[in-house]
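> just coords:
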DNA sequence: TTTTTAAGCGTGTGTCGTACGCTTACGAAG
DNA sequence: CTTCGTAAGCGTACGACACACGCTTAAAAA
């Protein structure tokens, strides 16, 4: 009977993501999101309780369109797919990286991804506490790698600085940084993941 | 000839860390650090250029007292030691966890730790781009695991929420969360790391 | 047409980082 | 012992921020 709502949570999340993509995390403010929607700042609070929830909506919007359908390939390959799909989705919205860790737990999309990963682990014979540890290690690697390559990419100025470091105090850091120039973010993520999966006892075969 | 300085960067970093330990990241402000030192807020700017640098000093103060002396044990065991020592140092100051990723690159202590880790990889036969990838994977796991267990510890309310999730939509998440209660943070970190190190081809032997 | 409900938002509060420029402590020079 | 130059310490102010509060008004129900 009262005036109908003019916004949905999805529209708000989409507007916030647009701001985030355009102006980065520093540019993300309630004011900016309101303006992006053509509304006043405080109108948002009719829909969400606080900024925290807004960040959760953003993360969910991004994670939600990770495809969870997996082809009938080996467990190894399915985990690679799940990890890479997250990476690809996040790469379209680099500024969400810092939000992933803090908002992961209040995103249904994140939970669905977790369930999908766990089903691969389960099918590969991981049970009980061993499954807990393996899943969390997988999660830690994926999130850690995204953060690491976001905050200090191999192809960034940081690498140049390291490459020029004092040969005496940091010989290996310098040498390794010079080798780093030949490694793409894609290869770094993929081959690092490969190390972990091999540790799980999963090779290219099932 | 002019008035002598009354503070050192170390004192400022120590004060900031004290504030961080006491009041958390939300409580860390230039005003609070000034007060902690018995100085006005703006006095800090005679010593540091901005808050960013202050955060770097905190991270360095914490990372600086990671012991880098390694006993003559296997490469596997030395990497475990390096990872665990970071974990132990950070556990004394949990609120620095979010700063580790952003400030890692402007901390000499972090670089020294990196050099130490690289020397283990080098000695274990990792060369060129393979060393780059292995080191970055190690780094990603360590940082990712610290962040993960800080923002959603296995023994936290998040786990309880997951354990109670709908049996239909998230059966594995629920079951796994229930198993998670038996796993300490220490075991999670250690055994997750073990998976990665096994992937490197490093077992308990050299 | 009137009533009722809540949508939208203007204003204000207390926080933040930090720019600016004043006051003052203090070592050196006369 | 006085004076002076320099920079330390800091008071104030500015423009952001998230958000509390309560007014105005759109629009569905009667």
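Sure, I can see it. Because the structure is a prediction, the values reported are computed rather than measured.
> hey, let's count contacts and neighbours off CA atoms from now on
OK.
> pretty sure residue A:97 contacts residue A:147?
Yes. With contact defined as Cα atoms under 8 Å, residue A:97 reaches residue A:147; the gap is 6.3 Å.
> right, is stretch A:35-53 up against DNA strand C?
Yes. Judged by Cα under 7 Å from any atom of the strand, stretch A:35-53 comes into contact with DNA strand C through A:38-43, A:45-46.
> list the helices and strands the helix or strand of chain A with the lowest mean pLDDT packs on?
Using mean pLDDT, DSSP states H and E, helix A:157-163 stands out as the lowest-scoring helix or strand of chain A, at a mean of 89. Secondary-structure packing of helix A:157-163 (3 or more Cα pairs under 8 Å, 6 or more residues apart in numbering or on different chains; DSSP states H and E): helix A:171-180.
> next secondary structure after the helix it packs on?
helix A:185-199 (DSSP states H and E).
> flag every buried residue along stretch A:52-72.
Under the neighbour-count criterion of 16 or more other Cα atoms under 10 Å in any protein chain shown, stretch A:52-72 has A:54-64, A:66, A:68 buried.
> quick one: is the helix or strand where residue A:113 lies near chain B?
Under the criterion of DSSP H and E, residue A:113 resides in helix A:108-123. Yes. Counting by Cα under 8 Å from any Cα of the partner chain, chain B is contacted by helix A:108-123 at A:111-112, A:114-115, A:118-119.
> distance-wise, check residue A:203 relative to residue B:136.
Distance, residue A:203 to residue B:136, using Cα to Cα, to the nearest Å: 21 Å.
> ok, these two, which is more surrounded?
Counted by other Cα atoms under 10 Å in any protein chain shown, residue A:203 and residue B:136 do not tie: residue B:136 has more neighbours, with 23 against 15.
> give the contact list for that one.
Contact partners of residue B:136, counting by Cα atoms under 8 Å, 6 or more residues apart in numbering or on different chains, are A:188, A:192.
> and the angle from the helix or strand containing it to helix A:185-199?
Residue B:136 is part of helix B:128-151 when elements are defined by DSSP H and E. Angle, helix B:128-151 to helix A:185-199, by axes from the mean of the first three to the mean of the last three Cα atoms, to 10 degrees: 70 degrees.
> helix B:128-151: how far from the chain's middle?
11 Å (Cα atoms, centre = their mean, to the nearest Å).
> pLDDT averaged over it - what is it?
Taken as a whole, helix B:128-151 has a mean pLDDT of 98.
> what's the neighbour count on residue A:1?
With other Cα under 10 Å as criterion, residue A:1 counts 3.
> poorly predicted segments of chain A, please.
Within chain A, the segments meeting pLDDT under 70 span A:204-206.
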